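Asks: Predicted model and sequence follow; I will ask about them next.
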Amino acid sequence: MTKYNAFYGQSGGVTAVINATAAGVIDTARTHCDRIGSVYAGVNGIVGALNEELVDIGQESSDNLAGLLHTPSGAFGSCRFKLQDLTAQRAEYVRLLEVFKAHDIRYFFYNGGGDSQDTTHKLSQCAKEMGYPLTCVGIPKTIDNDLPLTDNSPGFGSVAKYVAISALEASYDVESMHSSSTKVFIMEVMGRHTGWIAAASCLAQDERGLGPDLILVPEVVFDKASFLARVDQVVAEKGFCVVVVAEGIKAADGKFISESGSTDAFGHTQLGGVAPRLVDLIKQNLSYKCHWAVCDYLQRSARHIASQVDVDQAYAVGRAAAEYALQGRDSVMPAIVRDEHPPYSWTLTPVLLSDVANREKAMPEEYISEDGFGVTEAGRAYFAPLIQGEAHPPYENGLPAYVRMSKSLVRKKLASHTPQNN
(Lines give C-alpha, C1' and ligand atoms only; values in the text may rest on other atoms or scores of the structure.)
Protein backbone atom coordinates (compact mmCIF):
# COMPACT_ATOMS: atom_id res chain seq x y z
CA MET A 1 0.00 0.00 0.00
CA THR A 2 1.32 3.44 -0.95
CA LYS A 3 2.26 5.71 1.95
CA TYR A 4 1.89 9.48 1.93
CA ASN A 5 3.03 12.12 4.37
CA ALA A 6 0.90 14.36 6.58
CA PHE A 7 1.00 18.03 7.56
CA TYR A 8 -0.18 19.24 10.98
CA GLY A 9 -0.47 22.92 11.89
CA GLN A 10 -1.55 24.96 14.91
CA SER A 11 -3.42 28.20 14.34
CA GLY A 12 -4.84 31.14 16.26
CA GLY A 13 -4.66 31.64 20.02
CA VAL A 14 -3.10 28.64 21.74
CA THR A 15 -4.51 26.71 24.69
CA ALA A 16 -3.44 24.58 27.62
CA VAL A 17 -4.32 21.40 25.71
CA ILE A 18 -3.72 22.00 21.99
CA ASN A 19 -0.53 19.94 22.17
CA ALA A 20 -2.59 17.01 23.42
CA THR A 21 -4.41 17.21 20.10
CA ALA A 22 -1.06 17.15 18.30
CA ALA A 23 -0.23 14.02 20.28
CA GLY A 24 -3.50 12.44 19.17
CA VAL A 25 -2.72 13.07 15.50
CA ILE A 26 0.87 11.86 15.80
CA ASP A 27 0.05 8.72 17.80
CA THR A 28 -2.68 7.71 15.36
CA ALA A 29 -0.47 8.33 12.34
CA ARG A 30 2.16 6.09 13.86
CA THR A 31 -0.31 3.27 14.40
CA HIS A 32 -1.12 3.53 10.68
CA CYS A 33 2.48 3.70 9.50
CA ASP A 34 1.55 1.46 6.58
CA ARG A 35 -0.47 4.36 5.14
CA ILE A 36 1.03 7.51 6.66
CA GLY A 37 4.76 7.97 6.25
CA SER A 38 6.14 11.06 7.95
CA VAL A 39 4.21 13.64 9.94
CA TYR A 40 5.45 17.18 9.36
CA ALA A 41 4.41 20.08 11.58
CA GLY A 42 4.35 23.59 10.20
CA VAL A 43 6.47 26.13 12.02
CA ASN A 44 3.84 28.69 13.00
CA GLY A 45 0.99 26.89 11.32
CA ILE A 46 0.08 27.60 7.71
CA VAL A 47 2.92 30.15 7.52
CA GLY A 48 5.33 27.26 7.99
CA ALA A 49 3.79 25.49 5.02
CA LEU A 50 4.09 28.61 2.87
CA ASN A 51 7.74 29.08 3.93
CA GLU A 52 8.47 25.36 3.54
CA GLU A 53 9.51 25.26 7.19
CA LEU A 54 8.43 21.77 8.16
CA VAL A 55 9.34 20.07 11.42
CA ASP A 56 10.10 16.38 11.06
CA ILE A 57 8.18 14.80 13.93
CA GLY A 58 10.17 11.61 13.46
CA GLN A 59 13.28 13.43 14.68
CA GLU A 60 11.72 14.40 18.01
CA SER A 61 12.67 12.35 21.06
CA SER A 62 10.16 9.97 22.59
CA ASP A 63 10.26 12.07 25.79
CA ASN A 64 9.35 15.22 23.87
CA LEU A 65 6.46 13.53 22.10
CA ALA A 66 5.17 12.05 25.35
CA GLY A 67 5.46 15.48 26.95
CA LEU A 68 3.06 17.01 24.43
CA LEU A 69 0.19 15.66 26.53
CA HIS A 70 1.03 17.89 29.47
CA THR A 71 2.70 20.93 27.84
CA PRO A 72 0.69 24.11 27.18
CA SER A 73 0.80 26.56 24.27
CA GLY A 74 1.67 25.64 20.68
CA ALA A 75 4.65 23.32 20.61
CA PHE A 76 5.27 23.99 16.92
CA GLY A 77 4.28 27.64 16.88
CA SER A 78 0.95 29.17 15.89
CA CYS A 79 -0.07 32.11 13.73
CA ARG A 80 -2.83 34.53 12.87
CA PHE A 81 -2.76 34.29 9.10
CA LYS A 82 -5.96 33.96 7.13
CA LEU A 83 -6.06 32.73 3.56
CA GLN A 84 -8.28 34.91 1.41
CA ASP A 85 -10.50 33.64 -1.41
CA LEU A 86 -8.75 31.73 -4.18
CA THR A 87 -9.37 34.49 -6.71
CA ALA A 88 -7.77 37.10 -4.43
CA GLN A 89 -4.81 35.08 -3.22
CA ARG A 90 -4.22 32.39 -5.81
CA ALA A 91 -0.43 32.50 -5.49
CA GLU A 92 -0.65 31.40 -1.86
CA TYR A 93 -2.74 28.35 -2.70
CA VAL A 94 -0.46 27.42 -5.58
CA ARG A 95 2.51 27.72 -3.22
CA LEU A 96 0.90 25.47 -0.60
CA LEU A 97 0.19 22.74 -3.12
CA GLU A 98 3.70 23.05 -4.52
CA VAL A 99 5.14 22.49 -1.04
CA PHE A 100 2.83 19.56 -0.37
CA LYS A 101 3.68 17.98 -3.73
CA ALA A 102 7.41 18.45 -3.14
CA HIS A 103 7.17 16.63 0.20
CA ASP A 104 4.59 14.05 -0.86
CA ILE A 105 2.00 15.40 1.60
CA ARG A 106 -1.52 14.11 0.98
CA TYR A 107 -3.05 14.66 4.46
CA PHE A 108 -3.62 18.14 5.89
CA PHE A 109 -4.65 18.70 9.53
CA TYR A 110 -5.27 22.21 10.81
CA ASN A 111 -5.92 22.78 14.49
CA GLY A 112 -7.79 25.99 15.32
CA GLY A 113 -10.98 28.01 15.58
CA GLY A 114 -13.43 29.37 13.03
CA ASP A 115 -10.90 31.17 10.84
CA SER A 116 -8.69 28.09 10.84
CA GLN A 117 -11.59 25.86 9.79
CA ASP A 118 -12.22 28.35 6.97
CA THR A 119 -8.60 28.01 5.86
CA THR A 120 -8.90 24.22 5.84
CA HIS A 121 -12.13 24.33 3.85
CA LYS A 122 -10.69 26.74 1.28
CA LEU A 123 -7.58 24.63 0.85
CA SER A 124 -9.72 21.55 0.27
CA GLN A 125 -11.68 23.36 -2.45
CA CYS A 126 -8.48 24.63 -4.04
CA ALA A 127 -6.89 21.16 -4.11
CA LYS A 128 -9.95 19.78 -5.87
CA GLU A 129 -9.95 22.60 -8.41
CA MET A 130 -6.26 22.14 -9.15
CA GLY A 131 -6.45 18.36 -9.23
CA TYR A 132 -4.15 17.65 -6.29
CA PRO A 133 -5.19 14.67 -4.10
CA LEU A 134 -5.20 16.29 -0.66
CA THR A 135 -7.45 15.22 2.22
CA CYS A 136 -8.11 18.16 4.53
CA VAL A 137 -9.44 17.76 8.07
CA GLY A 138 -10.01 20.62 10.50
CA ILE A 139 -9.50 20.02 14.21
CA PRO A 140 -11.45 22.11 16.74
CA LYS A 141 -9.64 24.34 19.20
CA THR A 142 -10.70 27.57 20.83
CA ILE A 143 -10.90 28.79 24.38
CA ASP A 144 -13.81 31.01 23.30
CA ASN A 145 -16.02 27.92 22.86
CA ASP A 146 -17.78 29.59 19.95
CA LEU A 147 -17.40 26.94 17.24
CA PRO A 148 -20.79 25.76 15.96
CA LEU A 149 -21.95 22.13 15.67
CA THR A 150 -19.76 20.94 18.53
CA ASP A 151 -21.03 20.82 22.10
CA ASN A 152 -17.83 22.47 23.28
CA SER A 153 -14.36 23.20 21.94
CA PRO A 154 -11.14 21.64 23.24
CA GLY A 155 -9.27 24.28 25.20
CA PHE A 156 -12.40 25.76 26.72
CA GLY A 157 -12.82 23.35 29.64
CA SER A 158 -9.40 24.19 31.08
CA VAL A 159 -9.96 27.95 30.71
CA ALA A 160 -13.35 27.55 32.39
CA LYS A 161 -11.67 25.73 35.27
CA TYR A 162 -8.97 28.40 35.58
CA VAL A 163 -11.48 31.27 35.55
CA ALA A 164 -13.80 29.64 38.09
CA ILE A 165 -10.91 28.86 40.44
CA SER A 166 -9.46 32.36 40.04
CA ALA A 167 -12.81 34.02 40.76
CA LEU A 168 -13.26 31.85 43.83
CA GLU A 169 -9.80 32.50 45.22
CA ALA A 170 -9.98 36.23 44.50
CA SER A 171 -13.31 36.46 46.29
CA TYR A 172 -11.73 34.89 49.39
CA ASP A 173 -9.06 37.59 49.24
CA VAL A 174 -11.52 40.46 48.83
CA GLU A 175 -13.78 39.17 51.59
CA SER A 176 -10.89 39.12 54.03
CA MET A 177 -9.82 42.71 53.28
CA HIS A 178 -12.98 44.59 52.32
CA SER A 179 -13.67 46.24 55.67
CA SER A 180 -10.60 48.45 55.35
CA SER A 181 -9.51 47.99 51.73
CA THR A 182 -10.91 46.90 48.37
CA LYS A 183 -14.69 46.88 48.03
CA VAL A 184 -14.92 45.85 44.36
CA PHE A 185 -12.72 43.48 42.40
CA ILE A 186 -13.10 43.13 38.63
CA MET A 187 -11.58 40.23 36.72
CA GLU A 188 -11.44 40.53 32.93
CA VAL A 189 -11.39 37.39 30.80
CA MET A 190 -11.28 36.73 27.07
CA GLY A 191 -14.43 36.59 24.96
CA ARG A 192 -14.72 39.02 22.06
CA HIS A 193 -18.25 38.23 20.90
CA THR A 194 -19.40 35.51 23.27
CA GLY A 195 -19.46 35.14 27.02
CA TRP A 196 -18.74 31.44 27.47
CA ILE A 197 -15.52 32.02 29.43
CA ALA A 198 -16.93 34.68 31.73
CA ALA A 199 -20.10 32.68 32.31
CA ALA A 200 -18.12 29.62 33.38
CA SER A 201 -17.03 31.56 36.47
CA CYS A 202 -20.54 30.90 37.80
CA LEU A 203 -19.23 27.51 38.93
CA ALA A 204 -17.43 29.30 41.77
CA GLN A 205 -20.78 30.43 43.22
CA ASP A 206 -22.10 28.23 45.99
CA GLU A 207 -23.48 28.22 49.51
CA ARG A 208 -20.34 29.96 50.81
CA GLY A 209 -21.56 33.18 49.20
CA LEU A 210 -18.30 33.66 47.33
CA GLY A 211 -17.43 33.65 43.65
CA PRO A 212 -18.60 36.33 41.20
CA ASP A 213 -21.54 38.54 42.18
CA LEU A 214 -21.91 39.92 38.64
CA ILE A 215 -21.02 38.27 35.35
CA LEU A 216 -20.97 40.51 32.28
CA VAL A 217 -21.16 38.89 28.83
CA PRO A 218 -21.29 40.27 25.26
CA GLU A 219 -24.69 38.65 24.68
CA VAL A 220 -26.19 41.23 27.06
CA VAL A 221 -26.01 44.95 26.23
CA PHE A 222 -24.03 46.80 28.89
CA ASP A 223 -26.08 49.45 30.68
CA LYS A 224 -24.04 51.76 32.86
CA ALA A 225 -26.86 52.74 35.22
CA SER A 226 -27.99 49.17 35.84
CA PHE A 227 -24.41 48.03 36.40
CA LEU A 228 -23.64 50.73 38.94
CA ALA A 229 -26.91 50.15 40.75
CA ARG A 230 -26.24 46.42 41.08
CA VAL A 231 -22.65 46.93 42.28
CA ASP A 232 -23.88 49.41 44.88
CA GLN A 233 -26.58 46.99 45.99
CA VAL A 234 -24.18 44.07 46.39
CA VAL A 235 -21.68 46.14 48.37
CA ALA A 236 -24.49 47.36 50.63
CA GLU A 237 -25.66 43.80 51.25
CA LYS A 238 -22.39 41.91 51.76
CA GLY A 239 -19.69 44.58 52.02
CA PHE A 240 -17.86 43.76 48.78
CA CYS A 241 -18.50 42.82 45.17
CA VAL A 242 -16.67 40.55 42.71
CA VAL A 243 -17.25 41.07 38.98
CA VAL A 244 -16.17 38.85 36.09
CA VAL A 245 -16.38 40.56 32.70
CA ALA A 246 -15.78 39.38 29.14
CA GLU A 247 -13.50 41.69 27.16
CA GLY A 248 -16.11 42.12 24.42
CA ILE A 249 -19.08 43.63 26.24
CA LYS A 250 -20.83 46.32 24.21
CA ALA A 251 -22.96 49.39 24.76
CA ALA A 252 -26.39 49.88 23.18
CA ASP A 253 -24.77 51.50 20.11
CA GLY A 254 -22.89 48.27 19.38
CA LYS A 255 -19.45 49.62 20.24
CA PHE A 256 -17.10 47.67 22.47
CA ILE A 257 -16.70 49.28 25.87
CA SER A 258 -12.95 48.71 25.52
CA GLU A 259 -12.52 49.40 21.80
CA SER A 260 -8.98 50.62 21.04
CA GLY A 261 -9.39 51.55 17.37
CA SER A 262 -6.89 49.05 15.90
CA THR A 263 -7.33 45.57 14.40
CA ASP A 264 -5.44 42.27 14.59
CA ALA A 265 -4.12 40.12 11.74
CA PHE A 266 -7.52 38.51 11.22
CA GLY A 267 -9.17 41.93 10.93
CA HIS A 268 -10.82 41.71 14.34
CA THR A 269 -11.21 44.90 16.37
CA GLN A 270 -8.43 45.13 18.95
CA LEU A 271 -9.77 45.53 22.47
CA GLY A 272 -8.02 47.71 25.02
CA GLY A 273 -9.01 46.46 28.46
CA VAL A 274 -12.53 46.71 29.84
CA ALA A 275 -11.70 46.07 33.52
CA PRO A 276 -9.87 49.38 34.17
CA ARG A 277 -12.67 51.26 32.41
CA LEU A 278 -15.26 49.71 34.68
CA VAL A 279 -13.10 50.52 37.70
CA ASP A 280 -12.93 54.15 36.62
CA LEU A 281 -16.70 54.15 36.23
CA ILE A 282 -17.20 52.80 39.76
CA LYS A 283 -14.71 55.20 41.32
CA GLN A 284 -16.26 58.21 39.63
CA ASN A 285 -19.83 57.30 40.54
CA LEU A 286 -19.65 55.21 43.71
CA SER A 287 -16.25 56.14 45.18
CA TYR A 288 -15.47 52.56 46.17
CA LYS A 289 -11.88 51.38 46.34
CA CYS A 290 -11.40 48.92 43.48
CA HIS A 291 -8.85 46.49 42.14
CA TRP A 292 -8.80 44.79 38.77
CA ALA A 293 -6.95 42.03 36.93
CA VAL A 294 -6.79 40.87 33.34
CA CYS A 295 -6.30 37.12 32.98
CA ASP A 296 -5.07 37.47 29.39
CA TYR A 297 -2.52 34.77 28.44
CA LEU A 298 -2.57 33.28 31.95
CA GLN A 299 -6.01 31.78 31.43
CA ARG A 300 -5.08 29.93 28.25
CA SER A 301 -1.65 28.65 29.34
CA ALA A 302 -2.57 27.33 32.80
CA ARG A 303 -1.84 23.67 32.12
CA HIS A 304 -1.12 23.07 35.81
CA ILE A 305 -4.86 23.17 36.59
CA ALA A 306 -6.19 21.81 33.30
CA SER A 307 -9.43 19.87 33.19
CA GLN A 308 -8.99 16.14 32.65
CA VAL A 309 -12.13 16.14 30.51
CA ASP A 310 -10.56 18.83 28.33
CA VAL A 311 -7.29 16.91 27.95
CA ASP A 312 -9.18 13.75 27.02
CA GLN A 313 -11.29 15.55 24.44
CA ALA A 314 -8.31 17.39 22.96
CA TYR A 315 -6.44 14.13 22.45
CA ALA A 316 -9.53 12.40 21.08
CA VAL A 317 -10.24 14.98 18.36
CA GLY A 318 -6.65 14.61 17.18
CA ARG A 319 -7.04 10.85 16.91
CA ALA A 320 -10.41 11.19 15.19
CA ALA A 321 -9.03 13.68 12.65
CA ALA A 322 -6.35 11.22 11.56
CA GLU A 323 -8.88 8.40 11.37
CA TYR A 324 -11.25 10.52 9.28
CA ALA A 325 -8.47 11.34 6.83
CA LEU A 326 -7.58 7.68 6.43
CA GLN A 327 -11.25 6.97 5.76
CA GLY A 328 -11.16 9.52 2.94
CA ARG A 329 -13.39 12.06 4.71
CA ASP A 330 -12.43 15.44 3.28
CA SER A 331 -13.31 18.95 4.54
CA VAL A 332 -14.73 17.72 7.83
CA MET A 333 -14.08 18.37 11.52
CA PRO A 334 -14.58 16.06 14.51
CA ALA A 335 -17.34 17.54 16.69
CA ILE A 336 -18.11 16.67 20.30
CA VAL A 337 -21.61 15.33 20.96
CA ARG A 338 -22.88 15.38 24.55
CA ASP A 339 -25.08 12.57 25.84
CA GLU A 340 -28.01 14.41 27.38
CA HIS A 341 -28.54 11.71 29.99
CA PRO A 342 -26.43 11.70 33.18
CA PRO A 343 -23.77 10.81 34.01
CA TYR A 344 -21.83 13.01 31.61
CA SER A 345 -20.49 11.27 28.52
CA TRP A 346 -19.61 12.30 24.99
CA THR A 347 -18.82 10.97 21.55
CA LEU A 348 -17.34 12.39 18.34
CA THR A 349 -18.92 12.82 14.93
CA PRO A 350 -17.69 14.40 11.67
CA VAL A 351 -19.31 17.67 10.57
CA LEU A 352 -18.78 19.60 7.35
CA LEU A 353 -16.31 22.48 7.44
CA SER A 354 -18.63 24.47 5.19
CA ASP A 355 -21.08 24.50 8.11
CA VAL A 356 -18.42 25.51 10.65
CA ALA A 357 -16.16 28.05 8.96
CA ASN A 358 -16.53 31.70 9.97
CA ARG A 359 -19.55 31.08 12.19
CA GLU A 360 -19.83 31.86 15.88
CA LYS A 361 -21.95 30.14 18.51
CA ALA A 362 -23.29 32.52 21.13
CA MET A 363 -24.52 31.40 24.52
CA PRO A 364 -28.20 30.39 24.48
CA GLU A 365 -30.59 32.82 26.15
CA GLU A 366 -31.63 30.11 28.59
CA TYR A 367 -28.10 30.14 30.06
CA ILE A 368 -28.31 33.83 31.00
CA SER A 369 -30.24 34.97 34.07
CA GLU A 370 -33.24 37.24 33.54
CA ASP A 371 -31.46 40.27 34.97
CA GLY A 372 -28.47 39.73 32.64
CA PHE A 373 -25.92 39.61 35.46
CA GLY A 374 -25.69 35.87 36.04
CA VAL A 375 -26.04 32.31 34.78
CA THR A 376 -29.06 30.03 35.11
CA GLU A 377 -29.10 26.48 36.44
CA ALA A 378 -29.25 25.26 32.84
CA GLY A 379 -26.02 27.11 32.19
CA ARG A 380 -24.36 25.68 35.28
CA ALA A 381 -25.41 22.19 34.18
CA TYR A 382 -23.73 22.76 30.83
CA PHE A 383 -20.46 24.09 32.26
CA ALA A 384 -20.01 21.79 35.25
CA PRO A 385 -18.90 18.56 33.50
CA LEU A 386 -16.33 20.37 31.36
CA ILE A 387 -14.06 21.30 34.28
CA GLN A 388 -14.07 17.89 35.95
CA GLY A 389 -10.90 16.00 36.81
CA GLU A 390 -7.37 17.15 37.51
CA ALA A 391 -4.70 16.50 34.88
CA HIS A 392 -1.61 17.62 36.76
CA PRO A 393 1.63 17.62 34.76
CA PRO A 394 4.76 16.05 36.23
CA TYR A 395 6.87 18.41 38.34
CA GLU A 396 10.60 18.96 38.67
CA ASN A 397 12.19 21.30 41.21
CA GLY A 398 8.78 22.61 42.17
CA LEU A 399 7.78 23.59 38.61
CA PRO A 400 5.84 21.79 35.86
CA ALA A 401 8.15 19.71 33.66
CA TYR A 402 7.03 21.08 30.30
CA VAL A 403 8.92 20.15 27.14
CA ARG A 404 10.18 22.09 24.14
CA MET A 405 10.41 20.53 20.69
CA SER A 406 13.78 20.39 18.97
CA LYS A 407 12.03 21.37 15.70
CA SER A 408 14.39 19.63 13.32
CA LEU A 409 13.48 21.00 9.90
CA VAL A 410 13.07 19.00 6.72
CA ARG A 411 15.44 20.03 3.93
CA LYS A 412 13.83 22.60 1.64
CA LYS A 413 13.27 21.64 -1.98
CA LEU A 414 11.74 24.84 -3.36
CA ALA A 415 12.75 28.47 -3.80
CA SER A 416 11.97 30.84 -0.95
CA HIS A 417 8.57 32.50 -0.73
CA THR A 418 7.21 35.59 0.99
CA PRO A 419 3.61 35.14 2.18
CA GLN A 420 1.24 37.87 1.03
CA ASN A 421 0.11 40.33 3.68
CA ASN A 422 -3.40 39.80 5.02
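Replies: Perfect, thanks for sending it.

Asks: Show me the shaky parts of the stretch 101-250 of the chain.
Replies: Counting by pLDDT under 70, not a single residue of the stretch 101-250 of the chain qualifies.

Asks: Please enumerate the strands of it.
Replies: Secondary structure of the stretch 101-250 of the chain (DSSP state E, counting those that start in this stretch): strands at 105-112, 135-140, 184-189, 214-216, 241-246.

Asks: mind checking the longest helix of the protein?
Replies: In the chain, with assignment by DSSP state H, the single longest helix is helix 156-177.

Asks: Give me the helices and strands touching it, please.
Replies: Applying 3 or more C-beta pairs under 8 Å, 6 or more residues apart in numbering; DSSP states H and E, we find helix 156-177 packed against strand 184-189, helix 196-200, strand 241-246, helix 297-301, helix 308-326. (Glycine included, C-beta is placed from N, CA and C.)

Asks: could you dump the ones you listed to JSON lines with distance to S62 and mean neighbour count?
Replies: Formatted as JSON lines, these follow (distance: least, C-beta to C-beta, whole Å; neighbours: other C-beta atoms under 10 Å):
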{"stretch": "strand 184-189", "distance to S62": "37", "mean neighbour count": "27"}
{"stretch": "helix 196-200", "distance to S62": "35", "mean neighbour count": "30"}
{"stretch": "strand 241-246", "distance to S62": "41", "mean neighbour count": "28"}
{"stretch": "helix 297-301", "distance to S62": "25", "mean neighbour count": "18"}
{"stretch": "helix 308-326", "distance to S62": "17", "mean neighbour count": "24"}
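
Asks: Can you redo those as TSV, where the extra columns are distance to V137?
Replies: Listed next are the helices and strands packed on helix 156-177 as TSV, based on distance: least, C-beta to C-beta, whole Å:
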stretch	distance to V137
strand 184-189	30
helix 196-200	24
strand 241-246	31
helix 297-301	23
helix 308-326	5
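
Asks: Among these, which comes closest to G112?
Replies: helix 308-326 (11.8 Å; C-beta to C-beta).

Asks: re the thing from before, which parts of the longest helix of the chain are buried?
Replies: 156-168, 170-171, 174-175 (16 or more other C-beta atoms under 10 Å).

Asks: coming back round to it: nearest approach to K361 belongs to which of the helices and strands packed on helix 156-177?
Replies: Closest of the helices and strands packed on helix 156-177 to K361 is helix 196-200, at 8.5 Å (criterion: C-beta to C-beta).

Asks: Which residues does the closest one contact?
Replies: Outside helix 196-200, the residues that touch it by C-beta atoms under 8 Å, 6 or more residues apart in numbering are 143-146, 156, 159-160, 163-164, 189-191, 215-217, 244-246, 299, 363, 367-368, 375, 379, 383, 386-387.

Asks: Quick check: G398 vs K224, distance?
Replies: In this view, G398 and K224 are 45 Å apart by C-beta to C-beta, to the nearest Å.

Asks: Neighbour count: those two, which is higher?
Replies: The neighbour comparison of G398 against K224 (other C-beta atoms under 10 Å) goes to K224, with 13 against 5.

Asks: That one contacts L281, correct?
Replies: Yes - between K224 and L281 there is a contact at 6.6 Å, judged by C-beta atoms under 8 Å.

Asks: From what I see, P276 and H291 are in contact.
Replies: No - shown here, P276 and H291 do not form a contact pair, counting by C-beta under 8 Å, at 10.4 Å.

Asks: who touches G157 in this structure?
Replies: By C-beta under 8 Å, 6+ apart, G157 lies in contact with 306-307, 309-310, 313, 386-387.

Asks: Skipping adjacent residues, who's closest to it in space?
Replies: Of all residues not flanking G157 in the chain, D310 sits nearest, at 3.3 Å (C-beta to C-beta, 6 or more residues apart in numbering).

Asks: Which pLDDT value goes with the one you found?
Replies: Per-residue pLDDT puts D310 at 98.

Asks: Find out how far the longest helix of the chain is from the centre of the chain, if you would.
Replies: Remark: helix 156-177 is offset 19 Å from the chain centroid, using C-alpha atoms, centre = their mean, to the nearest Å.

Asks: can you check stretch 101-111 too?
Replies: In terms of C-alpha atoms, centre = their mean, the gap separating the centre of stretch 101-111 from the centre of its chain is 23 Å.

Asks: thinking V220 is in contact with S369, fair?
Replies: No - the pair V220 / S369 is not scored as a contact, 9.4 Å apart, by C-beta under 8 Å.

Asks: Who has more neighbours out of those two?
Replies: Set V220 next to S369 and count neighbours by other C-beta under 10 Å: V220 wins out with 20 against 15.

Asks: quick one: contacts for that one?
Replies: 195, 249, 368, 372.

Asks: what do you get if the cut-off is 6 Å, keeping everything else the same?
Replies: Listed by C-beta atoms under 6 Å, 6 or more residues apart in numbering, the contact set of V220 reads G372.

Asks: any idea how far it lies from G195?
Replies: In terms of C-beta to C-beta, V220 sits 8 Å off from G195.
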